[in-house]
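Participant: predicted structure and sequence below. I'll ask about it afterward.
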Amino acid sequence: MISPILMSHTNKTTGLVDRFGRTHNYLRISLTERCNLRCFYCMPAEGIPIREKSDFMTVEETLSIAKTFVDLGINKIRLTGGEPLIKKGFNELIEGLGKLPVELAMTTNAVALDKYIDVLKQAKLNKLNISLDSLNEERMNAISRRSFFTKIMENIDLAINEGFEVKINVVLIRDVNNDEIIDFIEWGKDKPISMRFIEFMPFDGNQWDERKKVGLEEILATVYKHYGTAQVLRIDDEKNDTSKNYKIAGSKGSFGIISSVSNPFCDSCNRIRLTADGKLKNCLFSASESDLLSQLRKGQDIKAVIVDNILNKKKERGGYSDFNDNMLHTMKNRTMTAIGG
Ligand code: SAM
């Protein structure tokens, strides 16, 4: 018999609702923990341990789990990683996901984007968040510990020209790239894109400390000083948007500020994550996970596990009341690349 709690949380009209009344309709699926870049804030210098192939979801398993989530009310799926475009079988996967009644999006470093433009279009995936942490080639290569700057820039242009909705993700880190705020806004001003300045977040082995964060006030102060307050217009945020959005008067592009650490957007959180090894994580910072892949391989129904996981979602920041340097010594979490950003 299905429990009353399960019944009230598993039909599409109710959706995946947690104890705080938040409905979860947005699933981020990490396709792989591996990446063709080694951004120092995301992946430890020594890389991540190589694991057995069988630890990870196959294309069929990913599609099967995704379908179950759609049955539970998910209507937006974002592919991420690691780097989603290096997943073996990507074409088959995106083709399968394209048949589901969901809006598709992807976060990518764009290194391999040119090879997948057509298959993305066929699957109606037209929203791309592309990571770019510097407009300076030498610096970008130093941050990513690889040399793909030219390819990334070409592929950003390609995505724009091919009509994709493009957002550029910039993780701002003090003394690394915080002197490029105006350069990024100027670069994006005449393009139909949105720059998103993301606060540096703490993960296993990523050299985080509070002083390296660059917050909303500081970014806005820099922008106001350069353009003058009257030229900086606050624009509407989309529903459940994680960013506060602005544009410079007369410009095509806009910019947003995502303060996940200083001002988390937990109240309106509608997102959950499926890791490449098939674990459900209901918050980027939650230490607990539910193993959907093992359940699926045992032939068991994963719906109840999903519903239970959502009911146990913490009010904010995965249960951490605040982030500070001390907390890092006790916090247990994966690297960003192993969670799926
Ligand atoms: N490989 C893809 C990419 O580079 O966009 C997708 C995965 S990446 C983990 C997803 C996003 O997470 C990127 O925009 C990246 O910049 C962001 N990210 C990774 N580590 C972060 C951190 N410590 N703080 C803030 N953002 C981070």
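Facilitator: Great, that's in hand. Residues are numbered from 1 along each chain as shown.
Participant: what does the stretch 101-250 of the chain put close to the ligand?
Facilitator: Proximity of the stretch 101-250 of the chain to the ligand (C-beta under 6 Å from any ligand atom) is limited to residues 107-109, 131, 169, 171, 198, 200-201, 203, 206. For the C-beta atoms, the positions are set from N, CA and C on the backbone; glycine is no exception.
Participant: flag whichever of the residues you listed scores worst on pLDDT.
Facilitator: Within the set of those, pLDDT is lowest for residue 206 (73).
Participant: let's verify that one: helix, strand, or coil?
Facilitator: Under DSSP: H, G, I helix; E, B strand; the rest coil, the three-state class of residue 206 is coil.
Participant: quick revisit: return the subset of the residues of the stretch 101-250 of the chain next to the ligand lying in strands.
Facilitator: Of these, the ones assigned to strands by DSSP state E are 107-108, 131, 169, 171, 198.
Participant: neighbour count for the residues you listed - can I get that in TSV?
Facilitator: Listed next are those as TSV, based on neighbours: other C-beta atoms under 10 Å:
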residue	neighbour count
107	21
108	24
131	24
169	20
171	23
198	23
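Participant: with distance to residue 271 added, can I get the residues you listed in a markdown table?
Facilitator: Listed next are those as a markdown table, based on distance: C-beta to C-beta, whole Å:
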| residue | distance to residue 271 |
| --- | --- |
| 107 | 12 |
| 108 | 18 |
| 131 | 18 |
| 169 | 16 |
| 171 | 18 |
| 198 | 15 |
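Participant: quick one: low-confidence ranges for this protein?
Facilitator: 1-14, 319-335, 340-341 (pLDDT under 70).
Participant: now do the helices in it.
Facilitator: Assigned by DSSP state H, the chain shows helices spanning 4-9, 59-71, 90-97, 117-122, 137-144, 149-161, 181-189, 216-227, 292-297, 303-311, 327-330, 336-339.
Participant: most tightly surrounded among these?
Facilitator: Here the criterion is mean neighbour count by mean count of other C-beta atoms under 10 Å, and of the helices of the chain the winner is helix 336-339, at a mean of 25.
Participant: can you show me the CA trace of that helix as PDB?
Facilitator: The C-alpha coordinates for helix 336-339 follow below in PDB (Å, rounded to 0.1, in the frame of the first residue of the first chain):
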ATOM      1  CA  MET A 336      31.900  20.400  -7.200                       C
ATOM      2  CA  THR A 337      32.900  18.300 -10.200                       C
ATOM      3  CA  ALA A 338      31.700  15.200  -8.400                       C
ATOM      4  CA  ILE A 339      28.400  16.800  -7.400                       C
END
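Participant: so residue 105 is in contact with residue 123, correct?
Facilitator: No: counting by C-beta atoms under 8 Å, residue 105 sits too far from residue 123 to count as a contact (11.1 Å).
Participant: show the end-to-end separation of stretch 171-188, please.
Facilitator: Stretch 171-188 stretches 16 Å from its first residue to its last (C-alpha to C-alpha, to the nearest Å).
Participant: cool, stretch 253-272 as well?
Facilitator: So stretch 253-272: terminal residues 29 Å apart, C-alpha to C-alpha.
Participant: which positions in that stretch come out as buried?
Facilitator: 253-261, 264-266, 269-272 (16 or more other C-beta atoms under 10 Å).
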